[in-house]
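J.: coordinates only, no sequence provided:
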């Protein structure tokens, strides 16, 4: 079971979600998407909360309101963290999560600890939590199918981008060739390299003779 929440409306149309238990958390770790940002209470047990960003967003552009919604949700779903004030919440991109075979179910590490951000939550804010819980929807998604579809769409996008890149390169090549032809033609039309009829006549040659010389 995966629980889905809608973030505050003024932040935009963003979805926050989390697994109902550690087994679902394991699936979310496995089938996350590059645009997902993972949240967890630091140093104590808590839910794994994810924020799905939009294409073009980055972890550094997440608004304060969105961060607050995610941090409040993850704090509220931590047995220890929910009772504490000034709780540190860590968050990082899904791609920075590292899962080793020796780790317990739901346990993760980081590929690069320097890419982990920390946000301090002073206290529980029931107003935020009540608003989020009113939007809660429970689903049993096919996470693998969703990831496969996302990967296929990304692959098709890269293919189109490559095709467009090659088309532009071919157009640039044709333009350069035409420009080179024009420069070459202009070089042939330089006055010093041209022979007039008067010059031919003064040289005592007929047009037929000039043509025969050319041939």
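T.: Structure received. Keep in mind that this is a model prediction, so the values were computed, not measured.
J.: so where is this protein shaky, pLDDT-wise?
T.: Filtered on pLDDT under 70, the chain yields the residue ranges 154, 158, 186-215.
J.: what ranges do the strands span in it?
T.: Using DSSP state E, the strands assigned to the chain run over residues 2-6, 15-19, 36-41, 49-52, 87-93, 97-98, 109-110, 117-121, 137-139.
J.: turn these into CSV, columns for mean neighbour count and distance to residue 181.
T.: The way it works is simple: take the backbone N, C-alpha and C, and place the C-beta from them, glycine included. Below are these laid out as CSV (neighbours: other Cβ atoms under 10 Å; distance: least, Cβ to Cβ, whole Å):
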stretch, mean neighbour count, distance to residue 181
strand 2-6, 18, 61
strand 15-19, 20, 56
strand 36-41, 23, 53
strand 49-52, 24, 53
strand 87-93, 21, 51
strand 97-98, 16, 56
strand 109-110, 13, 58
strand 117-121, 15, 57
strand 137-139, 10, 63
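J.: for residue 168, which of these is the nearest?
T.: Taking Cβ to Cβ as the measure, the strands of the chain were each checked against residue 168, and strand 87-93 came out nearest at 31.1 Å.
J.: what angle do that closest one and strand 117-121 make?
T.: Our comparison of strand 87-93 with strand 117-121, counting by axes from the mean of the first three to the mean of the last three Cα atoms, to 10 degrees, yields an angle of 150 degrees.
J.: need the contact partners of strand 87-93.
T.: In this structure, residues lying in contact with strand 87-93 by Cβ atoms under 8 Å, 6 or more residues apart in numbering are 34, 36-43, 59, 67, 70-71, 74-75, 78, 81, 110, 115-121.
J.: max-length helix in this structure?
T.: With DSSP state H setting the assignment, residue counts place helix 143-188 as the longest helix in the chain.
J.: ok, residue 84 - contacts?
T.: When contacts are counted by Cβ under 8 Å, 6+ apart, residue 84 is found next to no other residue.
J.: and it, how far from residue 107?
T.: The span separating residue 84 from residue 107 equals 21 Å under the rule Cβ to Cβ, to the nearest Å.
J.: and the gap between residue 119 and residue 112?
T.: According to Cβ to Cβ, residue 119 and residue 112 sit 18 Å apart.
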